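S.K.: One predicted model, sequence on top.
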Amino acid sequence: MKFLVKTLLCAVLAFLVYNYVIVPITVPKLRLREDWTEDDLKWRENDIFWFVHVTDLHISKYVHPDIKHSLEEFFTTTLDTIKPKLVLASGDLTDGKDKDGVNSFQVLEEWETYSHLLQKHKVEEKTIYLDIRGNHDNFDVHHHDHHTNLHRNYSAKGDEYPSTYIEDFEFNGRTYSFFALDATLKTGPKKVFNFLGQITEEDLDTILGEKKKLSSNKQIFFGHYPSSCIVSPGSRFREVLDGGLVYLSGHLHTLGGLAPQLYSLHRGGTPELELGDWKENRRFRVLAIDNGILTFSDNVQSDWPVVVVTNPKDASFLAPEVEPVQKIRHSLEIRILAFSPANVTSVKVKVNDGELELCVRHPDIRDLYVLPWRPDQLKPRNNYMTVFVRDFIGNRKTVKVRFQVEFSEIENKYSLYARMILMSNVISVVQGLWIISMLVSVLPLYLARNHPSALRELYSVKTSSKLQELSSFSPFYYVYMGSAILVGFGPWHVGEVLTNHMGIIFPWATVVAGQILPSFYPYIFSFVHLFFFHTPLRWSLLYKFKWRVEGNGSKLLLALSNIPVTLVLASQASLLLILYYFPSKLGIFREVCLLIAPMELTTIVIGFICNGLVSYYISETRRMK
């Protein structure tokens, strides 16, 4: 019977992991799409344009004053050199925090700086400049029309488009629709309560309606939040992306250096390319659409030359559902974009073990370098091309591309690590962890008191009997279970989450100004506490009870039996100190410490109370023997 129960529990867990973790991050087998029209497959020598993506600028009044100067260079030297048709700025245009980084609100000087930079350098005269809000641009913003929504007055598109919008771009007889997807919360609380974005049912219906109207256009999507960080009904947000050439996002800031490159391919065939931040890493991306095939390179400011190999496309990023990759086999030339403010002097290419050959500049497209080739004479797959670029002052860049020219088999080369971050449903994962931690924390003690026979199916007879004996002591049982419910369901924090509005922070939601907003960090706080502190507290008290009741009552045993409990409670206090003083590029640890401190200090006190109750019960049990 015990084996059957454990098998059943494992089966349920496996089902949940498969459906909510494995399936969402699985890319189906890549197959060549065969329904392209003759016009789609026709090679056009001049059918190429490029654009730039930048995100997480975080212009700040108080920290990182060099951001302004680096943006001056970006808006002048970089854009004047690359000359993109469009620039996409996907949110967190300003930092929105005070000097110590704890309080958060919209800072007028930051928005004035952003607007001034755009106007001073005539950015909107050089290119089509599309910007959108990020969560920092929405700190302490009550609603779109509120006076604190400075994005509306100081951004490039905020006055015309306060939220999601579409910009059509005509090129070479085709229309490319750029969808700016705003998933910031309708009511923008202060830090750290808006890590997740949200798109409502009404928003989804509107976007999908517009998408259907523009189905004949090539579609490019961009927004601040990765799709995994957007809460939507039934996870329908990914329906919006289906069929698009790409979804461009930011927000994650390379996860403090743990994820410098995050690229994935959704089950509908659309790639998602998350970009590192400008704030600290000075990242920007150059993307090109060459004959309907999208290529890109991620770059660091002032690292010249900038190189994008547009044909052949790197096999690691093929998206055959949304682009006619079979064109590569019938193309006539290798095509490379190379940019440098010091002028590119040479672009050389080596394919497999062949000779190093010099590319020539395209007669009509200034920054495009080409070299005739015969793809039909190459291996079907696993070909390698090395590109060497040099500019007038000696700067060099080497780019290596693995490519294929036959597409009956297309390997999925998107990394599992990136897929886990970009394709998982973050809200489902943290909710699952929260539920599991609640069950692990309270179920054994509940079963011991109310269904002891069921407990013996999970634990040994000796452990079950001691747990049953301890749970029979009502003061301890109700204090322990009550604190678990408090930690699991909250509230964790009550305070001014929005200026002039008190909010209540539960693990499952933030309630403020009549709105119920999605939760992220409180789920994590609750899970961590229940799993790493509350559950170990129960086991440490159980073994204290077991050792003291069965032991000889010596002072040494008394001291030793209190060590596990002391370590658990001390670790809670240590966590608060580490969070408060630990220097982190993520910039959130101190705020997290201040947020969770009341609950952690309360549970430390409750832990001492539980320890005292168990000690009292031990003395009563020993006295009655």
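M.R.: That came through, no problem.
S.K.: Can you give me the first-to-last residue distance of stretch 97-112?
M.R.: End-to-end span of stretch 97-112 (CA to CA, to the nearest Å): 15 Å.
S.K.: Same check on stretch 490-507?
M.R.: Start and end residues of stretch 490-507 are separated by 6 Å (CA to CA).
S.K.: Show the subsequent helix or strand relative to the lowest-mean-pLDDT helix or strand in the chain.
M.R.: Lowest by mean pLDDT, DSSP states H and E among the helices and strands of the chain is helix 2-17, with a mean of 67. Using DSSP states H and E, the next helix or strand after helix 2-17 towards the C-terminus is helix 38-41.
S.K.: And the contacts of the helix or strand following that next one?
M.R.: Proceeding C-terminally, helix 38-41 gives way to strand 48-54 as the next helix or strand, assigned by DSSP H and E. Strand 48-54 is contacted by residues 74, 78-79, 82, 84-90, 171-172, 222, 248, 275, 278, 283-291, 308, 310, 335, 337, 365, 368 when judged by CB atoms under 8 Å, 6 or more residues apart in numbering. The C-beta positions use only the backbone N, C-alpha and C, and glycine is treated the same way.
S.K.: Please indicate which of those are buried?
M.R.: Burial by neighbour count, 16 or more other CB atoms under 10 Å: within the contacts of strand 48-54 this picks out 74, 78-79, 82, 84, 86-90, 222, 248, 275, 278, 283-291, 308, 310, 335, 337, 365, 368.
S.K.: Mind checking which of those residues are in helices?
M.R.: When the buried ones among the contacts of strand 48-54 are checked against helices (DSSP state H), the matches are Leu79, Ile82.
S.K.: Of the buried ones among the contacts of strand 48-54, which belong to strands?
M.R.: Members of the buried ones among the contacts of strand 48-54 lying in strands (criterion: DSSP state E): 86-90, 222, 248, 283-290, 308, 310, 335, 337, 368.
S.K.: which residues are contacting stretch 337-349?
M.R.: 50, 77, 80-82, 286, 288, 304-310, 334, 336, 356-359, 367-369, 371, 385-393, 395.
S.K.: Show which residues not belonging to stretch 566-573 make contact with it.
M.R.: Contacts for stretch 566-573 (CB under 8 Å, 6+ apart): His529, Phe532, Phe533, Pro536, Leu537, Ser540, Glu600, Thr603, Ile604, Gly607, Phe608, Asn611.
S.K.: which one of these is nearest Leu181?
M.R.: Leu181 lies nearest to His529 out of the contacts of stretch 566-573, by CB to CB, at 34.4 Å.
S.K.: Can you report how many residues lie near the closest residue to that closest one other than its chain neighbours?
M.R.: Spatial nearest neighbour of His529, chain neighbours left out: Val487 (5.2 Å); criterion: CB to CB, 6 or more residues apart in numbering. Counted by other CB atoms under 10 Å, the residues lying close to Val487 total 26.
S.K.: Start the count at 813 instead of 1 going forward.
M.R.: Got it, first residue is 813 now, which makes that one Val1299.
S.K.: can you tell me which helix in this protein is longest?
M.R.: helix 1401-1436.
S.K.: Please name the residues that touch Trp1148.
M.R.: Small correction: residue 1148 is Ile, not Trp. By CB under 8 Å, 6+ apart, the contact set of Ile1148 is Val1119, Val1120, Val1121, Thr1122, Val1159, Val1161, Cys1171, Leu1180, Tyr1181, Val1182, Val1199, Val1201.
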